[in-house]
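Student: What follows is a protein structure lacking sequence information:
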């Protein structure tokens, strides 16, 4: 939990996590790519919160609560997956590795490839839960 707090605090203090000492490079590093993926997913979190609120309002006013409650559960599970991913990522990598371009060991390079796949799956999970919620609400 301490690592998650460090990660979130660093993001808030430093701004965009992909800004680091290696910005002069023409190609982004793998860490920058993973952090950019993280940023894209985080940008969806306010949408998740708004949809949960709308679904809850509909559920409270409906006799068909189950369909709204199922969509809420999916959104909450996607949000929980994001929090778990960030916590685990923070356990594997230091702030200097994430934000300042500190060189990674061979083991951490392997882990980073794993994390790249995990965050891509996480992005899909969140997109699917958002799409389901919008369908349930009859929007978009």
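Tutor: That came through fine. This is a predicted model, so every value here is computed, not measured.

Student: Only C-alpha atoms from now on, for both contacts and neighbour counts.
Tutor: Fine.

Student: So, low pLDDT: which residues of the chain?
Tutor: Within the chain, the set of residues satisfying pLDDT under 70 comprises 1-26.

Student: Provide a complete list of residue ranges assigned to helices in it.
Tutor: 2-14, 30-42, 45-60, 65-92, 95-99, 106-137 (DSSP state H).

Student: same for the fourth one, what does it pack against?
Tutor: When contacts are defined as 3 or more C-alpha pairs under 8 Å, 6 or more residues apart in numbering; DSSP states H and E, helix 65-92 packs onto helix 2-14, helix 45-60, helix 106-137.

Student: residues in contact with the nearest residue to residue 71 once chain neighbours are set aside?
Tutor: Leaving aside its sequence neighbours, residue 71 sits nearest to residue 133 (C-alpha to C-alpha, 6 or more residues apart in numbering; 5.3 Å). With contact set as C-alpha atoms under 8 Å, 6 or more residues apart in numbering, residue 133 has these partners: 51, 55, 68, 71-72, 75.

Student: would you turn those residues into JSON lines with distance to residue 112?
Tutor: Putting the contacts of residue 133 into JSON lines (distance: C-alpha to C-alpha, whole Å) gives the following:
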{"residue": "51", "distance to residue 112": "31"}
{"residue": "55", "distance to residue 112": "36"}
{"residue": "68", "distance to residue 112": "36"}
{"residue": "71", "distance to residue 112": "31"}
{"residue": "72", "distance to residue 112": "31"}
{"residue": "75", "distance to residue 112": "26"}
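
Student: Pretty sure residue 92 sits against residue 109.
Tutor: No - at 10.6 Å, residue 92 does not count as touching residue 109 under the criterion of C-alpha atoms under 8 Å.

Student: Pull out the buried positions in stretch 89-105.
Tutor: Buried residues in stretch 89-105, defined by neighbour count with 16 or more other C-alpha atoms under 10 Å: 89-90, 93-95, 98-101, 104.

Student: Quick one: distance of that stretch to the chain centre.
Tutor: 17 Å (C-alpha atoms, centre = their mean, to the nearest Å).

Student: how long is it end to end?
Tutor: 15 Å (C-alpha to C-alpha, to the nearest Å).
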